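Trainee: Let's see this in three dimensions:
(one chain, ligands or ions: 2)
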Amino acid sequence: MLKDSFGRVHDYLRISLTDVCNFRCAYCMPDEAISFMPAAQLMQANEIDKIAETFVKMGVKKIRLTGGEPLVRKDVAEIIHLLSKYPVELTLTTNGSRVDDFIEVFEKAGIKSVNVSLDTLDKEKFSLITRRNVFDKVIGNINLLITLGFHVKVNAVVMRGINDNEILDFIAWTKELPIHVRFIEFMPFAGNQWDNEKVFSYQEILDVVAAQYSYVRLKDDKNGTAKKFKLLNHAGSFAVISTMSAPFCENCNRMRLTADGKMKNCLFSKGETDILSAYRNNEDITPLVEKCVIEKKEALGGQFTTDRIDATTIENRSMISIGG
Ligand code: SAM
Ligand code: SF4
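Mentor: Ligands and ions are numbered 1, 2, ... in the order given. Below you'll find the predicted structure:
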């Protein structure tokens, strides 16, 4: 069992498959010229499999594939297949653009739940945010997932002045469809033009919803990041991921592997542990993983608090190269 120095059991691993993406969301990609990791630097499918096996032996119960966009990786179907043999809840976060190409792979692998990121229900705005003109495709793929019985969470990063005026549209969307919308507070990462004013907070989101609807708070998941709510007579639900205004670090059970095989014990950790190089040198990675977990800081990677934040002091990668 992987326990950190604050007694938190770590049983959830998020694996980034690539830092490449077919979208260009400005809040995620750095604004300087993008240079993706060379292929040889990435964990290969068999390496992901074997490294994941070690984590499973150490108590991991849930694995999420992410990126960049996991579904642009050429061998993603093979990776999903390889990981499906482990006794874990296997899932993924995707921008939704290629879901239809992989739906049978998901079904065969026993994937039950998929997170799709979608920040706007307005087709024009979608093109502005993502720099890609595939809104209808993403909506079609969300509908496909629902029709086939997947549990679908839709992640929307709420940014002041960009999409905070769409909160009620997202809520209305959950009336007929079993969609679980998760409003995410905008977080600072390298090169993403973040500033305090752009964060539309948990409380502000609730105020917007409360002006039009009455809702009840649902019981939090044991290690959940989301504060969940239900509206009467809505097929779906909504939640808020309040990283910036009300972090949930005290119940954190997450570890991350970047696509180049570096372990991060927190989304905001400064330090990284080079698991892939150790694996390639035939070293036992178990003690490295344990040490990385033990070194985890109490909250927010030890880099900031919820007071006013100077994002320029935060040392981290861009979100796209961490794997969200
Ligand atoms: N490409 C996939 C996708 O978009 O879902 C997976 C990777 S993406 C980095 C994972 C999640 O991180 C997405 O839901 C995205 O909206 C979120 N994200 C990216 N940058 C963020 C930021 N600055 N603040 C909050 N969430 C962010
Ligand atoms: Fe790509 Fe997802 Fe980042 Fe958008 S949020 S640029 S879809 S990795």
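Trainee: Measure how buried the closest residue in space to Phe268 that isn't next to it in sequence is and give me the count.
Mentor: Counting by Cβ to Cβ, 6 or more residues apart in numbering, Gly301 is the residue found nearest to Phe268 once chain neighbours are left out, at 3.1 Å. In this view, the C-beta of every residue, glycine as well, is placed from N, C-alpha and C. Gly301: 20 surrounding residues under other Cβ atoms under 10 Å.
Trainee: pLDDT value on Gly301, please?
Mentor: For Gly301, the model assigns a pLDDT of 73.
Trainee: As a check, name the ranges of all helices in this structure.
Mentor: 45-57, 76-83, 99-109, 123-130, 135-147, 167-173, 202-210, 275-280, 286-294, 319-322 (DSSP state H).
Trainee: Just put those helices in a markdown table and tack on mean pLDDT and distance to ligand 2.
Mentor: Below are the helices of the chain laid out as a markdown table (pLDDT from 0 to 100; distance: least, Cβ to the nearest ligand atom, whole Å):
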| stretch | mean pLDDT | distance to ligand 2 |
| --- | --- | --- |
| helix 45-57 | 98 | 18 |
| helix 76-83 | 98 | 14 |
| helix 99-109 | 98 | 13 |
| helix 123-130 | 96 | 6 |
| helix 135-147 | 98 | 10 |
| helix 167-173 | 98 | 17 |
| helix 202-210 | 97 | 19 |
| helix 275-280 | 98 | 21 |
| helix 286-294 | 97 | 24 |
| helix 319-322 | 78 | 5 |
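Trainee: Let me know which of these is tucked in deepest.
Mentor: Comparing these by mean neighbour count (mean count of other Cβ atoms under 10 Å), helix 319-322 ranks first with a mean of 25.
Trainee: Looks like the residue nearest to Phe268 contacts Arg256 (just checking).
Mentor: No - in this structure Gly301 lies outside contact range of Arg256 using Cβ atoms under 8 Å: 11.2 Å.
Trainee: which residues are in contact with both of those two?
Mentor: Taking Cβ atoms under 8 Å, 6 or more residues apart in numbering as the criterion, Gly301 and Arg256 both touch Cys266, Leu267.
Trainee: how about the residues of the stretch 151-300 of the chain near ligand 1?
Mentor: Within the stretch 151-300 of the chain, the positions adjacent to ligand 1 are Asn155, Val157, Ile184, Phe186, Met187, Phe189, Asn192 by Cβ under 6 Å from any ligand atom.
Trainee: Report pLDDT for the fourth one.
Mentor: Phe186 is assigned 93 on the pLDDT scale.
Trainee: How about the contacts made by the residue nearest to Phe268?
Mentor: Listed by Cβ under 8 Å, 6+ apart, the contact partners of Gly301 are Cys266, Leu267, Phe268, Ser269, Lys270, Asn316.
Trainee: Would you mind measuring from it to Val72?
Mentor: Going from Gly301 to Val72 by Cβ to Cβ, to the nearest Å gives 28 Å.
Trainee: repeat for Asp221
Mentor: Distance of Asp221 to Val72, computed by Cβ to Cβ: 29 Å.
Trainee: Repeat that for Asp4.
Mentor: Distance from Asp4 to Val72, by Cβ to Cβ: 33 Å.
Trainee: For Phe55, which non-adjacent residue is closest in space?
Mentor: That would be Leu13: by Cβ to Cβ, 6+ apart, it lies 5.1 Å from Phe55.
Trainee: Just grab the bridge partners of the one you found for me.
Mentor: Ile63, Met255 (DSSP bridges).
Trainee: Next, the contact list for it, please.
Mentor: Ala52, Phe55, Val60, Lys62, Ile63, Arg64, Arg254, Met255, Arg256, Leu257.
Trainee: Now which of these would you call buried?
Mentor: Ala52, Phe55, Val60, Ile63, Arg64, Arg254, Met255, Arg256, Leu257 (16 or more other Cβ atoms under 10 Å).
Trainee: Arg132 contacts Asn22, doesn't it?
Mentor: Yes - between Arg132 and Asn22 a contact is recorded at 6.7 Å, counting by Cβ under 8 Å.
Trainee: So for these two, which residues contact both of them?
Mentor: In contact with both Arg132 and Asn22: Ser97, using Cβ under 8 Å, 6+ apart.
Trainee: how deep is Lys297 tucked in, by neighbour count?
Mentor: 18.
Trainee: quick one: pLDDT of it?
Mentor: 88.
Trainee: show me where the stretch 151-300 of the chain has strands.
Mentor: For the stretch 151-300 of the chain, applying DSSP state E, counting those that start in this stretch gives strands covering 151-158, 179-185, 215-217, 226-231, 237-241, 254-257, 262-264, 273-274.
Trainee: Asp221 and Val72: which has the busier surroundings?
Mentor: Ranked by neighbour count (other Cβ under 10 Å), Asp221 and Val72 place Val72 first, with 18 against 11.
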